[in-house]
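Asks: fold the following, please.
(chains A and B)
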Amino acid sequence: ETGVTQSPTHLIKTRGQQVTLRCSSQSGHNTVSWYQQALGQGPQFIFQYYREEENGRGNFPPRFSGLQFPNYSSELNVNALELDDSALYLCASSLQRGSPLHFGNGTRLTVT
Amino acid sequence: AQKVTQAQTEISVVEKEDVTLDCVYETRDTTYYLFWYKQPPSGELVFLIRRNSFDEQNEISGRYSWNFQKSTSSFNFTITASQVVDSAVYFCALPGMDSSYKLIFGSGTRLLVRP
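Replies: Below you'll find the model as predicted:
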């Protein structure tokens, strides 16, 4: 059984640029969530996708957007990067809503 | 509003000591789940346990045990005979009130187990 995989592992971008992070969910999981984890803090919910549609969003501006594909993989896009966007971005998949989340290793984004 | 508080920022123990990580939560839901996750240096959050609020029995899994007390809104986690491999950040979490689809995490407790 393949777990949640994320790419890339690390990324360095400049303020104002755009970035796309990718996630492959665990086999059989149709729900994908994205979390942002700043240094020394707990993860903060960005949004969740269920069967290719966004069905929940946290307190993040519209420049954070996402997609889920028919194979349940997902992308997180962030436009107009700001310094405060520097964080670990975690993708999680679950078998169904309410089930335990299974997380990937994350993508460490640094904005300079 | 839903809230999780982990007051212990960092704990350092010597190997084989027992250690308890505290978690206090606030929720308006009458039934809810509570979770614990472990985050080793690799960054991945590892699911440890999900507990339903109507089941107040303590749970034990090997060296890990959890004490859930609804009366005090606490869900504490104890590691018995700690090992160096237990060194990690541990997070307690609670689903958002409006839906079960998102988790509200505490700020985490960093556990350092010294040899």
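Asks: can you name the residues bridging to whichever residue of chain B sits closest to chain A?
Replies: Taking Cβ to the nearest Cβ, chain A has its nearest neighbour within chain B at B:F105, 3.3 Å off. In this view, the C-beta of every residue, glycine as well, is placed from N, C-alpha and C. Going by DSSP bridges, B:F105 is paired in beta bridges with B:A93.
Asks: list phi and psi for residue 22.
Replies: This is for chain A. With angles defined as degrees, to the nearest 10, A:R22 sits at phi -120, psi 150.
Asks: near it, how many other residues are there?
Replies: 16 (other Cβ atoms under 10 Å in any protein chain shown).
Asks: what residues of stretch B:73-80 count as buried?
Replies: B:S73, B:S74, B:F75, B:N76, B:F77, B:T78, B:I79 (16 or more other Cβ atoms under 10 Å in any protein chain shown).
Asks: among the residues you listed, name the ones in helices.
Replies: Using DSSP state H, no member of those falls in helices.
Asks: now render those residues as TSV, adding pLDDT and distance to A:T107.
Replies: TSV is the format used below for the buried residues of stretch B:73-80 (pLDDT from 0 to 100; distance: Cβ to Cβ, whole Å):
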residue	pLDDT	distance to A:T107
B:S73	94	34
B:S74	95	34
B:F75	95	30
B:N76	96	32
B:F77	95	28
B:T78	96	33
B:I79	96	29
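Asks: which secondary element of the chain has the worst mean pLDDT?
Replies: Unless you meant another one, I'm taking chain A. Sorting the helices and strands of chain A by mean pLDDT, DSSP states H and E puts strand A:53-57 at the bottom, at a mean of 89.
Asks: that's the wrong chain, I wanted chain B
Replies: strand B:59-61 (a mean of 85).
Asks: ok, then the element right after that strand?
Replies: strand B:64-69 (DSSP states H and E).
Asks: show me where chain A has helices.
Replies: Read by DSSP H, chain A holds no helices at all.
Asks: which parts of it sit against chain B?
Replies: A:31, A:33, A:40-45, A:48, A:50, A:55-56, A:58, A:88, A:90, A:92, A:97-98, A:100-106, A:108 (Cβ under 8 Å from any Cβ of the partner chain).
Asks: got a quick PyMOL command for the buried subset of these?
Replies: Of these, the buried ones go into a single PyMOL selection, burial set by 16+ other Cβ under 10 Å:
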select buried, chain A and resi 31+33+42+43+44+45+48+50+56+58+88+90+92+97+100+101+102+103+104+105+106+108
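Asks: coming back round to it: and the least confident helix or strand of chain A, what does it pack against?
Replies: Contacts defined by 3 or more Cβ pairs under 8 Å, 6 or more residues apart in numbering or on different chains; DSSP states H and E place strand A:53-57 against strand A:44-50.
Asks: hang on, the earlier thing: what pairs with the least confident helix or strand of chain B, parallel or antiparallel?
Replies: strand B:64-69 (antiparallel).
Asks: report the buried residues of the strand it pairs with.
Replies: B:Y64, B:S65, B:W66, B:F68.
Asks: now tell me what touches stretch B:36-44 from outside.
Replies: A:88, A:90, A:103-106, A:108, B:23, B:45-49, B:66, B:75, B:77, B:87-93, B:105, B:108 (Cβ atoms under 8 Å, 6 or more residues apart in numbering or on different chains).
Asks: relative to A:D85, how far out is A:L101?
Replies: 22 Å (Cβ to Cβ, to the nearest Å).
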